[in-house]
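Chemist: No sequence on hand, only this structure:
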């Protein structure tokens, strides 16, 4: 049995779902999903939104429980002990984004205990050699190669299935009938957490550049603070801009964004999935070079996308 413990916003949930489907096919085991974090843990500010998508019908929902030990089994205590040691060993490395010490050893130990927890996983393929019947899969699993491999399978499954409103239908029709460019400007919790690395100048420059490369593009602006963007974006006359202010859920906005022909991304997994799922044959994607305030370059840029230096514009 594979148990996916979901966490984070919609973009993170989509990475976790893709990882769950990957393991389901690789290990040929049933999957259950746990959304207890959204119910019981106060630091989780998002909602679980994948039920609005075409999730694999074979997946079953696990009982929700406040206790992590009950959720993850008796081995959770040993997992916590080994994780505490691992974090202490790599405290300075996490801080400066350096390669971690003994990652394969750590993962081999917790895998034996039935726990799989990784954020970036580009160094080895997960193996099924746990001593437990259930493997608990946690973490964001930002694994670009895996997502590309799984795209033919999850493309339809990560399509919104809930009915579309008349307002969103009108917006979707405009997106599909124009040379649409989806621009996602992430603010919201990023402002409070100090994670804004794409300033307004980045979006202005990207829009001007995209406008010079496309014939009669229409820029559809998506944001979790659309009023601030409307007041501050200051796009020159002659460039067509539509601010998507439909009071949407994240899943409704994902349906619209992913139908755009071209994309200007922020440093957000929501942006990433909108661009990744886009189907236009000549799709252009601008992705920020830096994902955080640290000096490391983004691991989210796919080879066919255009990397924009969001520090030196």
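Modeler: Great, that's in hand. Please read all numbers here as calculations on a predicted model, not as lab measurements.
Chemist: And the strands in the stretch 51-200 of the chain?
Modeler: Taking DSSP state E, counting those that start in this stretch, the strands of the stretch 51-200 of the chain run over residues 60-61, 115-117, 135-138, 179-185.
Chemist: Would you mind finding the most buried of those strands?
Modeler: strand 179-185 (a mean of 25; mean count of other Cβ atoms under 10 Å). From N, CA and C alone the C-beta is placed, and that goes for glycine too.
Chemist: Make TSV from the strands of the stretch 51-200 of the chain and add mean pLDDT and distance to residue 95 to it.
Modeler: Shown next, in TSV, are the strands of the stretch 51-200 of the chain (pLDDT from 0 to 100; distance: least, Cβ to Cβ, whole Å):
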stretch	mean pLDDT	distance to residue 95
strand 60-61	97	37
strand 115-117	90	19
strand 135-138	93	22
strand 179-185	97	28
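Chemist: Take these and write them to a markdown table, including distance to residue 86.
Modeler: Converted to a markdown table, the strands of the stretch 51-200 of the chain look like this (distance: least, Cβ to Cβ, whole Å):
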| stretch | distance to residue 86 |
| --- | --- |
| strand 60-61 | 31 |
| strand 115-117 | 10 |
| strand 135-138 | 14 |
| strand 179-185 | 34 |
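Chemist: Quick check: which of those is nearest to residue 240?
Modeler: strand 179-185 (9.5 Å; Cβ to Cβ).
Chemist: For the closest one, name the packing helices and strands.
Modeler: On a contact count with 3 or more Cβ pairs under 8 Å, 6 or more residues apart in numbering; DSSP states H and E, strand 179-185 meets helix 200-213, strand 217-223, helix 250-257, strand 262-264, helix 269-277.
Chemist: strands paired with the second one, and their directions?
Modeler: According to DSSP bridges, strand 217-223 has the following sheet partners: strand 179-185 (parallel), strand 240-243 (parallel).
Chemist: Just say helix, strand or coil for the residue lying closest to residue 154 once chain neighbours are set aside.
Modeler: Of all residues not flanking residue 154 in the chain, residue 18 sits nearest, at 5.3 Å (Cβ to Cβ, 6 or more residues apart in numbering). The three-state label given to residue 18 by DSSP: H, G, I helix; E, B strand; the rest coil is helix.
Chemist: okay, now residue 18: neighbour count?
Modeler: Residue 18 is flanked by 22 other residues according to other Cβ atoms under 10 Å.
Chemist: How about residue 306?
Modeler: 14.
Chemist: Please identify the helix or strand for the closest residue to it other than its chain neighbours.
Modeler: Leaving aside its sequence neighbours, residue 306 sits nearest to residue 286 (Cβ to Cβ, 6+ apart; 5.2 Å). Residue 286 belongs to strand 285-288 when assigned by DSSP states H and E.
Chemist: Tell me who's in contact with the residue nearest to residue 306.
Modeler: For residue 286, the contact set (Cβ atoms under 8 Å, 6 or more residues apart in numbering) comprises 206, 209-210, 263-265, 305-306, 308.
Chemist: Quick one: buried ones out of these?
Modeler: 206, 209-210, 263-265, 305, 308 (16 or more other Cβ atoms under 10 Å).
Chemist: Pull out the buried residues from the helix or strand residue 39 falls within.
Modeler: Assigned by DSSP H and E, residue 39 belongs to helix 36-40. Residues 36-38 are the ones in helix 36-40 that count as buried (16+ other Cβ under 10 Å).
Chemist: What count of nearby residues applies to residue 128?
Modeler: Neighbour number of residue 128 under other Cβ under 10 Å is 13.
Chemist: what does residue 25 give?
Modeler: Using other Cβ under 10 Å, residue 25 has 11 neighbouring residues.
Chemist: I appreciate the help and will end here.
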